[in-house]
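Peer 1: Let's see this in three dimensions:
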Amino acid sequence: MIPAILLLALPCAARPFGDSVPLVMLPPSVVKDPTPANAFVPFNSDYPGTQLPVHTLHATKFMTVTITVQAQPTQLQLPASPPPTKPFMATYFPDWTANEFPPEKIDFARFTWIDFGKYFSGAVSSDSNRREFVNNIVAMYHKFNLDGIDIDWEYPGVQGAGNNQVSSTDSARFLTFLQLLRAQLPESAKLTAATQVTPFAGPDGTPMRDVSAFAQVLDWILIMNYDIWGASATPGPNAPLRDSCHNSTQPDASASASIAAWSAAGMPPNQITLGLPAYGYVQTSNARRLIQRRQVRKRMGKLRLKRDDNGGRGGVRIKAEGDGDDSDSGQVQFNQLVQGGALKLSPSGFVGAGGFKRMWDVCSSTPYLISENANQVIAYDDPQSLGMKAAFARGAGLRGVNMFDVHGDTDDWALTDAIREGLGL
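Peer 2: Numbering: from 1, shown residues only. Predicted coordinates for the structure are as follows:
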C-alpha cells in the first residue's frame, strides 16, 4: 500500500530576466556523480483528479506523488473534510498497489490543503497556539493513517501571499513549532517543508545564516524555484537555473544560487529537493528578449537574437489558464502550449510553431516563445531546460526534484522522461 503525507500549502512569489541567443544545447556544469538523486516527486493538483486522473500515473516513473486537496481553514483549525485514505489509493492507483510494483518504487504520497498560509504566523505565535495546532495535526495524522506532514509556510517573517500575517519572530517560532510537532509524531513519520529560494527570514527580514536547527527536525525541504517573475510586460524567466550573465537584479533567485544559499546556511544537500515547473507564463508584450536590468558585461560578447529555424508563421494565440477566454496574461501549462499549437515536436525536440519563435535565454538557461503577430511572450520550461535542472540536482548531490505539477506534462510524459534522464534514473 502506498503511504500518504499531509501537506499544508501556501502560494509562491516572483522576480527578473536575461539576454537572448539562438537555440543551443547548453549542458550544465556540474560535478559528476555516479549516484542518481533518489527522489522524483510530481504534484497532481486536484482531487480525485479531474485535471489528470490519478490512475493514469505510472508507478515506474515516480518515487512520490503529491495530491492537493483545497480548503479554506482559519487560524488553528484544519479542514473538516478528510484527506484521501489508503483505500482511496487502492481505488485510484490500482497498478501502484499491485504486487508487480515493489514498495521501494514509491516512498509516499502526500495530501495537501491549500490557503492556510495567511494564518501560520498566528498559529505559532504562542505556546498555547502551537500546542493546539500541533495536537490538531497529530490527531489528523493518526485518524487518517498518514505517513508524514509537509508544512508549506514559504515566507515566515516576510510578506509572501500579499495578505499573510507577519512577525519578526516568525522563523524562530516556526522552529519551535516544528520541534514540538517532530516530538509528537511517530519516529517513522516524514516531516518536510516547502521554502522560497532563500533561507527563512531572520528577525531583520534578511535570510538566516544558520538553518542547521531546521535540518535537525526536517527530513528535507523543497525549494520552490518557480514563479520567479510571473506574467509581466517586461517578461523574465519563470525558473532560472543560474545567473550565467551575472546581470540579474535578483541573483539569489535561481536553482544554483538557492541551493548554494541553503547549503551554506546548514541545510545538507541530501535534505534538499529542487522544485521544477511544468508550466510557464504568457504575457501580452512586444519584448523580444527576456529583460535584464543591468547591462551584460562586454566580455560576454554581443548576444544576437535569431528565430528558431522551425518556427511557424501561423496565427496561433495562447490563452492563460483559469482566467476566462479573454485572458492573454497568466499561467499556462506546457501541454497547453503543445495542444494550442505554439510548440510542435520535431526530431530535434520541441520547436516554435503557429507564428511563435522558440528562443533560448543563455543567462537563465530557459527557453521562451515570442510571437510578433500575437504580440505575446511566453516564458516556460521544456524537456531541455528541465533535464538540465535535474542533471544539476544530481550533480549537486540533492535528494531529488519535485515537479509542479504533473498535469502540465504531455500524454507521453515528455517532461517527466527528460527529468528522469537528467537524474540518471
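
Peer 1: quick one: low-confidence ranges for the stretch 201-350 of the chain?
Peer 2: 231, 285-329 (pLDDT under 70).

Peer 1: where along it do the helices fall?
Peer 2: 212-217, 255-264, 334-339 (DSSP state H, counting those that start in this stretch).

Peer 1: In TSV: the ones you listed, plus mean neighbour count and distance to G202.
Peer 2: No exception for glycine: its C-beta is placed from N, CA and C like everyone else's. Supplementary listing: those in TSV, determined by neighbours: other Cβ atoms under 10 Å; distance: least, Cβ to Cβ, whole Å:
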stretch	mean neighbour count	distance to G202
helix 212-217	16	12
helix 255-264	20	13
helix 334-339	20	37
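
Peer 1: Just put those helices in JSON lines and tack on distance to T284.
Peer 2: Shown next, in JSON lines, are those (distance: least, Cβ to Cβ, whole Å):
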{"stretch": "helix 212-217", "distance to T284": "41"}
{"stretch": "helix 255-264", "distance to T284": "28"}
{"stretch": "helix 334-339", "distance to T284": "16"}
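
Peer 1: Kindly state which of these is positioned closest to G352.
Peer 2: helix 334-339 (9.8 Å; Cβ to Cβ).

Peer 1: Are there helices or strands packed against that closest one, and which ones?
Peer 2: Helix 334-339 sits against strand 279-284, strand 343-346, with contacts defined as 3 or more Cβ pairs under 8 Å, 6 or more residues apart in numbering; DSSP states H and E.

Peer 1: Could you pull out the buried residues of the longest one?
Peer 2: Of the residues in strand 279-284, those with enough neighbours to count as buried (16 or more other Cβ atoms under 10 Å) are 279-283.

Peer 1: Among the residues you listed, which one lies nearest to T416?
Peer 2: Using Cβ to Cβ, Y279 is the member of the buried residues of strand 279-284 that sits closest to T416, with 14.1 Å.

Peer 1: my guess is the closest one meets V406, correct?
Peer 2: No. Using Cβ atoms under 8 Å as the test, Y279 is too far from V406 to be in contact (11.0 Å).

Peer 1: that older thread, which pair in the buried residues of strand 279-284 has the greatest spatial separation?
Peer 2: Going by Cβ to Cβ, the pair spanning those furthest: Y279 and Q283, at 13.4 Å.

Peer 1: So for those two, which residues contact both of them?
Peer 2: Among the neighbours of Y279, none is also in contact with Q283 (Cβ atoms under 8 Å, 6 or more residues apart in numbering).

Peer 1: if we can go back for a sec, and N129, which of the helices of the stretch 201-350 of the chain is closest to it?
Peer 2: Closest to N129 of the helices of the stretch 201-350 of the chain is helix 212-217 (Cβ to Cβ; 18.5 Å).

Peer 1: tell me what that closest one is packed against?
Peer 2: Counting contacts by 3+ Cβ pairs under 8 Å, 6+ apart, helix 212-217 packs against helix 170-184.

Peer 1: Give the buried residues for whichever helix or strand comes after the helix it packs on.
Peer 2: Next along the chain after helix 170-184, taking DSSP states H and E as the criterion, comes strand 190-195. By 16+ other Cβ under 10 Å, the buried positions in strand 190-195 come out as 190-195.

Peer 1: now do stretch 223-240
Peer 2: 223-232, 235-240.

Peer 1: Can you get me a residue count around the closest residue to K190 other than its chain neighbours?
Peer 2: In space, K190 comes closest to G148 once its chain neighbours are excluded; the distance is 3.0 Å by Cβ to Cβ, 6 or more residues apart in numbering. By other Cβ atoms under 10 Å, the residues close to G148 number 23.

Peer 1: Please apply the same query to S188.
Peer 2: So S188, with other Cβ under 10 Å, has 8 neighbours.

Peer 1: Show the contacting residues for it.
Peer 2: D147.

Peer 1: how far away is it from P383?
Peer 2: Distance, S188 to P383, by Cβ to Cβ, to the nearest Å: 36 Å.

Peer 1: ditto for A189
Peer 2: With Cβ to Cβ as the criterion, A189 and P383 are 35 Å apart.

Peer 1: More neighbours: these two, which one.
Peer 2: P383 (23 against 20).

Peer 1: so P251 sits right up against D243, yeah?
Peer 2: Yes. Using Cβ under 8 Å, P251 is in contact with D243, at 4.8 Å.

Peer 1: anything in contact with each of the two?
Peer 2: Joint contacts of P251 and D243 (Cβ under 8 Å, 6+ apart) are A257.

Peer 1: So which of the two has more stuff around it?
Peer 2: The neighbour comparison of P251 against D243 (other Cβ under 10 Å) goes to D243, with 22 against 15.

Peer 1: What residues does that one make contact with?
Peer 2: 18, 251, 254, 256-257, 363-364.

Peer 1: isn't the residue nearest to K190 right next to A193, touching?
Peer 2: No. G148 is not in contact with A193 according to Cβ under 8 Å; the separation is 11.3 Å.

Peer 1: Break the chain into its domains for me.
Peer 2: 4-278+382-423, 283-379 (automatic domain parsing).

Peer 1: hmm, back to that, please identify which of the helices of the stretch 201-350 of the chain is closest to N373.
Peer 2: Nearest of the helices of the stretch 201-350 of the chain (Cβ to Cβ): helix 334-339, 16.0 Å.

Peer 1: Noted, bye for now.
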